[in-house]
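Q: no sequence for this one, just the structure:
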RNA sequence: GCCCCCAUUGUCUAGCGGCCCAGGACGUGGCCCUCUCAAGGCCAAAACACCAGUUCGAAUCUGGUUGGGGGCACCA
């Protein structure tokens, strides 16, 4: 990891065109980890040169999502920095200047072809089963003539003058060298008719100006990667290290996530969008841990990581270039692990909104008491109200049939419930260390199994067939409620019997 | 159609020529613990896509095939 000791300047450069998903969260995470590990800077840059695709609120979502994950940026549109502005829409002139520089040095040229002509050209190429590629019509217009036409106000774009022959070799940190024939690289448009730069130019200019040392981005950029290097070389700039991350596939591993898959996932309480995670009961710690391991590994036995661990242990050299299927059950597993890793008070705090959302008035002291029995049982925060809502209710409403113990009649069950009530009432306290030994003795005397008797009590007291341990629960609920709930159960069972 | 990338159990992966009849994790099945449910512990089933080649020896190197993915815009 010697080269990682050089402070890295990395940038997360999303475009505000939709929701932040797992793929971009991972890219941001890796960027952040590399920056923090090397004592460098993490820069947030908004790539909003295409005003048609701009989505209102997307930029805010990007920022709040990063903050939720625990990722703070050193430079960005809101906090500023020495290389701003950090919003590409505010840098239009900069890109145009550099594009003109390329025209002057002979690496780019003005193109006056209309979109209609281009469409026509593409159709013809398709009919002839050729590659789609600009045919070079404007490539050889005399520069003086071209400049005159531009000065005259003729609509035009600026295209990159890709070498017609030879090859270009580029180096990706995960895949090694990639060599491609130059004739396969199109004369890409750098600046549109409206004067706005395209990604290819804007990103390269910004990365240079912002002194970016490592570009971590999605593998969808692999095909235009040679163009990007050619651009940088045309300017005579130094290249950053390039890291192209693999894409995420749907859980089956067959194909990438589609709209339809996303809708299907929602039914199971899953989402690929970061904005949904908190509401679904996931911890940012778990998202970070889970996502970090999709395409990266540390060794063959360590998988539990906090952000702090990751900053220490992350490394580009253990990144995996193959596509990874999203595994949501593993997400649940990591969430459970991180829930169990939380301090009681912290977990309690995070649980409050979930109980309130379900309509419970939360007594924080009671919540604090039930944390130990809840903490090892939930995989997501959202599960807590269903499991432990009975602690916050005045009354419970058991299904009468569920009060009947396995292998017994309603009449027997009623008698058992009544006996339990009486025995508990005899005691000074229903604390676990007193009530449990006593009730176990009672069970013994009656000749039933603990499962049968405690089962009846469980349903009577919690209203649920499945609950956290009985005696711990009773202690928290308190004598009065325990007794009244048992009384009610006796009543229900007797009604059922008659 | 063309170009590029990828390829170990259902999934995420370790493995960088002999340590591997392949290790870990999730999930699955079983057992233990047990008042239910979890958590925890133990055990089990489950993979080197295929075909050539290189080599004394290949999951590891090379070529091809197949499969998957990405791209081929005046989007990013």
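A: Done, it's in. This structure is a prediction, so every number in the text was calculated from the model and none was measured. Numbering: from 1, shown residues only, chains lettered A, B, ... in the order given.
Q: could you pull out the strands for chain A?
A: With DSSP state E, the ranges of strands along chain A come out as A:9-12, A:41-44, A:108-111, A:157-160, A:167-172, A:176-181, A:189-191, A:214-218, A:241-245, A:248-249, A:324-325.
Q: what ranges do the helices span in the stretch 201-350 of chain A?
A: Assigned by DSSP state H, counting those that start in this stretch, the stretch 201-350 of chain A shows helices spanning A:225-235, A:259-267, A:274-277, A:284-292, A:307-313, A:328-340, A:344-357.
Q: Of all the ones you listed, which one comes closest to residue A:183?
A: Of all the helices of the stretch 201-350 of chain A, it is helix A:225-235 that lies closest to residue A:183, at 11.7 Å by C-beta to C-beta. For the C-beta atoms, the positions are set from N, CA and C on the backbone; glycine is no exception.
Q: Please identify the most buried of the helices of the stretch 201-350 of chain A.
A: helix A:284-292 (a mean of 23; mean count of other C-beta atoms under 10 Å).
Q: re earlier: least reliable of the helices of the stretch 201-350 of chain A going by mean pLDDT?
A: Note on these: lowest mean pLDDT is at helix A:259-267, with a mean of 89.
Q: so where is chain A shaky, pLDDT-wise?
A: In the predicted model, chain A carries pLDDT under 70 at residues A:1-4.
Q: Run through the residues of the stretch 301-450 of chain A sitting next to RNA strand B.
A: Proximity of the stretch 301-450 of chain A to RNA strand B is confined to A:301, A:303, A:318, A:320-325, A:327, A:329-330, A:332-333, A:336-337, A:340, A:376-379, A:436, A:450 under the rule C-beta under 7 Å from any atom of the strand.
Q: just to revisit the earlier point, let me know which of the strands of chain A is tucked in deepest.
A: strand A:9-12 (a mean of 26).
Q: do that strand and RNA strand B meet?
A: No: with C-beta under 7 Å from any atom of the strand as the measure, strand A:9-12 is seen stopping short of RNA strand B, the closest distance being 11.7 Å.
Q: quick one on the thing from earlier: make CSV out of the helices of the stretch 201-350 of chain A and add distance to residue A:63.
A: Putting those into CSV (distance: least, C-beta to C-beta, whole Å) gives the following:
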stretch, distance to residue A:63
helix A:225-235, 27
helix A:259-267, 23
helix A:274-277, 12
helix A:284-292, 14
helix A:307-313, 18
helix A:328-340, 23
helix A:344-357, 21
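Q: now the strands of chain A in a markdown table, with distance to residue A:122?
A: Putting the strands of chain A into a markdown table (distance: least, C-beta to C-beta, whole Å) gives the following:
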| stretch | distance to residue A:122 |
| --- | --- |
| strand A:9-12 | 33 |
| strand A:41-44 | 36 |
| strand A:108-111 | 15 |
| strand A:157-160 | 15 |
| strand A:167-172 | 24 |
| strand A:176-181 | 21 |
| strand A:189-191 | 14 |
| strand A:214-218 | 26 |
| strand A:241-245 | 27 |
| strand A:248-249 | 30 |
| strand A:324-325 | 34 |
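Q: At the contact with RNA strand B, which residues of the stretch 101-250 of chain A appear?
A: Neighbours of RNA strand B within the stretch 101-250 of chain A, by C-beta under 7 Å from any atom of the strand: A:113-115, A:118, A:122, A:129, A:131-134, A:155, A:157, A:174-176, A:178, A:180, A:184, A:186, A:189, A:192-194, A:196, A:198-199, A:202, A:219-224, A:246-247, A:249.
Q: Give me the buried subset of those.
A: For those, a burial check counting by 16 or more other C-beta atoms under 10 Å picks out A:113, A:118, A:134, A:157, A:174, A:178, A:189, A:196, A:198-199, A:202, A:219, A:221-222, A:246, A:249.
Q: Surely residue A:34 touches residue A:10?
A: Yes: counting by C-beta atoms under 8 Å, residue A:34 touches residue A:10, with 5.4 Å between them.
Q: okay, now residue A:237: neighbour count?
A: For residue A:237, the neighbour count with other C-beta atoms under 10 Å is 14.
Q: Grab the nearest non-local neighbour of it.
A: Nearest residue to residue A:237, sequence neighbours excluded (C-beta to C-beta, 6 or more residues apart in numbering): residue A:208, at 4.9 Å.
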